[in-house]
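J.: Please find the sequence and the predicted model below.
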Amino acid sequence: MQIAKSVGGPTRAPLLVIEEYDHWKVRMERFLLAKDKGEEIWRSVTKGPHVPVRTVVRDAAAQPMREDETHPAPLTVDDIEKLHADQVAFLEMVFGVPPSLFEHIKLCKSAKDIWDTLQDLIEGSEYMKDKRLTLVVNDFDTFTTTPGESVASASNRYRIVVNNLTAHGIV
């Protein structure tokens, strides 16, 4: 896959490449946050879809609607904006998943469901997470420069090791 297709752009969600999942998560978060109402869109991914509290007006006071009532009060402007953010989040997440992974998310009903499904699928079990963490710490503990390596190259490799530690909550 060409890198240009996977990184996305200002108007196109980044496309997930399994081997670059950690990078994709960061790019997807930043892409969604940069959109209009980005905080609400990102909230939909991390917290789940907005569920409006439907009320009924009785005796000039709003009260929660019972299940047997059929005429709820109209949605508020805030509810409508949050529901729209949920739709945008869902669509952008769907567009960020390649056809090879679509079967895993096609039954998801929300952006959070997609995010969680991909995380479980790619990051795996707690055992696998612990194993990756051990590898990252080992990379740091055994970091050395190679004979003839430039300072710039060693610095770049070291920065990657530190970034991986940071991503795992170590630094």
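T.: In hand now; what should we look at? Numbering: from 1, shown residues only.
J.: going forward, measure contacts and count neighbours with C-alpha atoms only.
T.: Will do.
J.: Where does the prediction get shaky in this protein?
T.: Applying pLDDT under 70 to the chain flags the ranges 1-7, 54-72, 125.
J.: Which parts of this structure belong to which domain?
T.: 3-124, 125-171 (automatic domain parsing).
J.: chain center to the first one, what's the gap?
T.: Using CA atoms, centre = their mean, to the nearest Å, we find the averaged C-alpha position of domain 3-124 to lie 9 Å away from the chain's own average C-alpha position.
J.: Show me which positions of stretch 14-22 end up buried.
T.: Within stretch 14-22, the residues that qualify as buried are Pro14, Leu15, Leu16, Val17, Ile18, Tyr21, Asp22, counting by 16 or more other CA atoms under 10 Å.
J.: so which of the domains of the chain is the most packed in?
T.: For those, the largest average neighbour count (mean count of other CA atoms under 10 Å) is found in domain 3-124, namely a mean of 16.
J.: The chain: helices as residue ranges?
T.: 3-6, 21-34, 38-47, 77-95, 99-105, 111-123, 126-141, 151-167 (DSSP state H).
J.: out of the buried residues of stretch 14-22, who's nearest Thr145?
T.: Checking the buried residues of stretch 14-22 against Thr145 with CA to CA, the nearest one is Asp22 at 25.1 Å.
J.: With Arg132 as the reference, measure out to that closest one.
T.: Using CA to CA, to the nearest Å, Asp22 is found at 12 Å from Arg132.
J.: Identify the residues contacting stretch 42-49?
T.: Stretch 42-49 has contacts (CA atoms under 8 Å, 6 or more residues apart in numbering) with 29, 32-33, 50, 83, 85-86, 89-90, 110-113, 115.
J.: rerun at 7 Å
T.: Glu29, Leu32, Leu33, Asp86, Ala89, Ser110, Ala111, Lys112, Trp115 (CA atoms under 7 Å, 6 or more residues apart in numbering).
J.: right, and the pair among those residues with maximum separation?
T.: Maximum distance among the contacts of stretch 42-49 (CA to CA): 17.3 Å, for Leu33 and Ser110.
J.: Apart from its chain neighbours, what residue comes closest to Leu83?
T.: His50 (6.1 Å; CA to CA, 6 or more residues apart in numbering).
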